[in-house]
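> just a sequence and a predicted model for now, questions to come.
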Amino acid sequence: MLKSKFTFFISLFILTALVSCENYNSDHYGFSKLEQIKSKGTLTVLTRRTPTTYYQGTDGPLGIEYDLIQLFANHLKVKVNFVIPPAFNDILKQISTGQADIAAAGLTITEQRKTLMRFAPPYQNITEQVVYRSGNKKPNKVLDLNNGILEVVKGSSYIDSLKKLQLKTPLLHWNINSELNTDALLYLVNEGLIDYTIADSHQVSTIKHFYPKLNVAFDITSPRQLAWAFPLSQDQSLYQEAVLFFEKIKQDKTLDHLLKKYYGNSENLSYVGNCKFRLHIETRLPKYESLFREEAIKHNLDWRLLAAIGYQESHWNPDATSPTGVKGLMMLTQGTAKQLGIKDRTDAAQSILGGALYFKQRIKMMPKRIKDPDRTWFALASYNVGFGHLEDARILTQKRRENPDKWADVKKSLPLLSKKKWYSQVKHGYARGNEPVHYVKNIQSYYDLLIWLTEEDQIEKEVMSLKPAPLITMDKQNKALSFEPPTL
């Protein structure tokens, strides 16, 4: 019996020593957090499903956080495991307790959060804004928010901001929703089911594109910063690598290009233009949708992109004619139609067939090193202004020491083709270079809206599928006064 106990304690001592050695080695002999991730080959990332972070596009995941994390994972030469917790507050809890490597979820840096997690260098500046619906009385000051239902997301930085405002306006009160995210609350405002919510400025500018009835009343904060979050730990190896990564993408303008990719065309379409487009989707598009779909399948294109081109060209009017002689739904020139074998430009089916063929030709003409979405935007510009003038603009972009393979840089050079100082330096001479820039911007807007309107509205689906959950109403002392179900 004594021997058995002795053997047990010796085994326990050896096991403890081995574990201690392993922990020591992981901290001091090269097995840092960064090395563990590289060895495992996987980076675990917390995020949330919104248009400003991570969402499913037609060809797979999209979003600025998705793109940034993929770039960082490529930098580390590892794969990414995205984890989407059920509620925003869960992201904060899980990253602060070390249940993931990074939280990339459009997190605002706050003093309170800095006590729980470590933030990487910021990648975007925003303000927090009060949002209301057109047709309702605009709140002009904080106290006006008491005239309706103000609702915000549980665990969001907006609650801290409201508490600060409450110090000066003690009567201010609001509801905290523990079930819905900010996009869903913006949907409720748009539908007139609540009066106000608070959202980050970049989120508002993006979703206003889809919900044109939303308006900004006023900012409730000065500019704030968004950043990735890491668990607080003595091992800062992964954090330090992220610092180097952000320095690099800021210097080579990759970050600028990403911000322009996701937010560069969010304000392109006016309220009137937006409403007119939605009307034409209902009254005109159904006549031609099957034709767009058929040609898109033939050429491996998104039919909504073809439809967006058609709307920009003619507002889906097969009898459209311009003073320069271009005709039909896709507004083909006589020479282009002849080259493509199109006999009747005013026949919708032939016009869409010709437009799809011509656009596919433009795509194939782009250098292979140019990747999407820049490849698509270049092809669209070429569709409008011609390949030669586009190449001239790319040459001028290079002369200006910017990237000729990035649309964000080339679109700044295209307008220069109308100035003698610049067009005299290139092969094809003068062009109205502003036109292709506006052309591409408009098509981007129409395309975004078609994607949004022709797919299931995930926000509405999320809101309507929830069972009524209790809302926490905060009084002037920040105590729960009552619990009441949301009105859906």
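Arrived safely.

> and stretch 131-149, which residues are buried?
By 16 or more other C-beta atoms under 10 Å, the buried positions in stretch 131-149 come out as V131, Y132, R133, N136, P139, V142, D144, L145, G148, I149. For glycine as for every other residue, the C-beta is placed from the backbone atoms N, C-alpha and C.

> got a list of what the residue nearest to the fifth one when sequence neighbours are not counted touches?
Closest residue to P139 apart from its sequence neighbours, by C-beta to C-beta, 6 or more residues apart in numbering: A217 at 4.8 Å. Neighbouring residues of A217 by C-beta atoms under 8 Å, 6 or more residues apart in numbering: Q129, V130, V131, Y132, K138, P139, N140, Y196.

> check for me that the fifth one belongs to a strand.
No. Secondary structure of K138, determined by DSSP: H, G, I helix; E, B strand; the rest coil: coil, with no strand assignment.

> A307 versus that one, what's the distance?
Noted for K138: a distance of 35 Å to A307, by C-beta to C-beta, to the nearest Å.

> likewise the first one?
Note on Q129: its distance to A307, by C-beta to C-beta, is 32 Å.

> please identify which of the two sits among more neighbours.
Between Q129 and A307, counted using other C-beta atoms under 10 Å, the more crowded position is A307 (25 against 21).

> quick one: the nearest residue to the more buried one once chain neighbours are set aside and S445, what's the gap?
Counting by C-beta to C-beta, 6+ apart, F292 is the residue found nearest to A307 once chain neighbours are left out, at 4.7 Å. Distance of F292 to S445, given as C-beta to C-beta: 17 Å.

> could you do H209 as well?
For H209 relative to S445 (C-beta to C-beta), the value is 7 Å.

> more neighbours, these two?
Per other C-beta under 10 Å, whichever of H209 and S445 has more neighbours is S445, with 23 against 19.

> low-confidence ranges in the chain?
Applying pLDDT under 70 to the chain flags residues 1-30, 57-59, 264-271, 455-488.

> domains in it, by residue range?
32-124+227-263, 128-221+468-484, 271-453 (automatic domain parsing).

> part of a helix, is A199?
No. Counting by three-state DSSP, A199 is not found in a helix; it is strand.

> leaving out the residues flanking it, which one is nearest to it?
Counting by C-beta to C-beta, 6+ apart, T182 is the residue found nearest to A199 once chain neighbours are left out, at 5.0 Å.

> pretty sure the one you found is in contact with S156, am I right?
Yes. Counting by C-beta atoms under 8 Å, S156 is a contact partner of T182 at 7.1 Å.

> between those two, which contacts overlap?
Residues touching both T182 and S156 (C-beta under 8 Å, 6+ apart) are I198.

> picking that back up, helix or strand for the residue nearest to A307, which one?
In the assignment (DSSP states H and E), F292 maps to helix 285-298.

> who's in contact with stretch 353-368?
With C-beta under 8 Å, 6+ apart as the test, stretch 353-368 has contacts from 295-296, 298-299, 301, 306, 309-310, 313, 329-330, 332, 336-337, 340, 342, 345, 375-376, 378-380, 382-383, 387, 405.

> buried subset of these?
Buried members of the contacts of stretch 353-368, scored by 16+ other C-beta under 10 Å, are 295-296, 301, 306, 309-310, 313, 329-330, 332, 336-337, 340, 342, 345, 375-376, 378-380, 382-383, 387, 405.

> which SS class is N175?
For N175, the secondary-structure state derived from three-state DSSP is strand.

> could you check how far it is from Q94?
With distances taken as C-beta to C-beta, N175 is found 25 Å from Q94.

> now swap in P223 and tell me
As for P223, its distance to Q94 is 28 Å (criterion: C-beta to C-beta).

> try G60
25 Å.

> ok, T336 next?
T336 is 56 Å from Q94, by C-beta to C-beta.

> swap in P373?
Going from P373 to Q94 by C-beta to C-beta gives 32 Å.

> neighbour count: these two, which is higher?
Neighbour totals were compared for P373 and Q94, and Q94 leads with 17 against 11 (other C-beta under 10 Å).

> what's the first helix or strand after the strand or helix carrying that one?
Here Q94 sits within helix 88-96, counting by DSSP H and E. Tracing the chain past helix 88-96, the next element assigned as helix or strand by DSSP H and E is strand 102-108.

> neighbouring strands of that next one in the sheet, and parallel or not?
Take DSSP bridges as the rule and strand 102-108 pairs in its sheet with strand 42-46 (parallel), strand 224-231 (antiparallel).

> with mean neighbour count and distance to S413 as extra columns, can I get the ones you listed in a markdown table?
Listed next are the strands paired with strand 102-108 as a markdown table, based on neighbours: other C-beta atoms under 10 Å; distance: least, C-beta to C-beta, whole Å:
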| stretch | mean neighbour count | distance to S413 |
| --- | --- | --- |
| strand 42-46 | 20 | 36 |
| strand 224-231 | 22 | 30 |
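
> quick one: the helices in the stretch 1-150 of the chain?
2-28, 33-40, 64-76, 88-96, 111-114 (DSSP state H, counting those that start in this stretch).

> burial measure for P212, as a count.
Applying other C-beta under 10 Å, we find 20 residues neighbouring P212.

> oh, I was asking about E402
Burial measure for E402: 17 neighbouring residues, criterion other C-beta under 10 Å.

> can you name the residues that contact it?
Going by C-beta under 8 Å, 6+ apart, E402 touches D409, K412, S413.

> by neighbours, which of those residues wins?
S413 (24 neighbours).

> how much space separates the closest residue to P415 other than its chain neighbours from A348?
In space, and not counting its chain neighbours, P415 is closest to G433: 4.4 Å by C-beta to C-beta, 6+ apart. Here the criterion is C-beta to C-beta. By it, G433 lies 31 Å from A348.

> before we move on, what about H389?
Using C-beta to C-beta, H389 is found at 29 Å from A348.

> in JSON lines, list the strands paired with strand 102-108 along with distance to V440.
Output for the strands paired with strand 102-108, formatted as JSON lines (distance: least, C-beta to C-beta, whole Å):
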{"stretch": "strand 42-46", "distance to V440": "32"}
{"stretch": "strand 224-231", "distance to V440": "27"}
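
> how many residues are close by V440?
When neighbours are defined as other C-beta under 10 Å, V440 has 25 of them.
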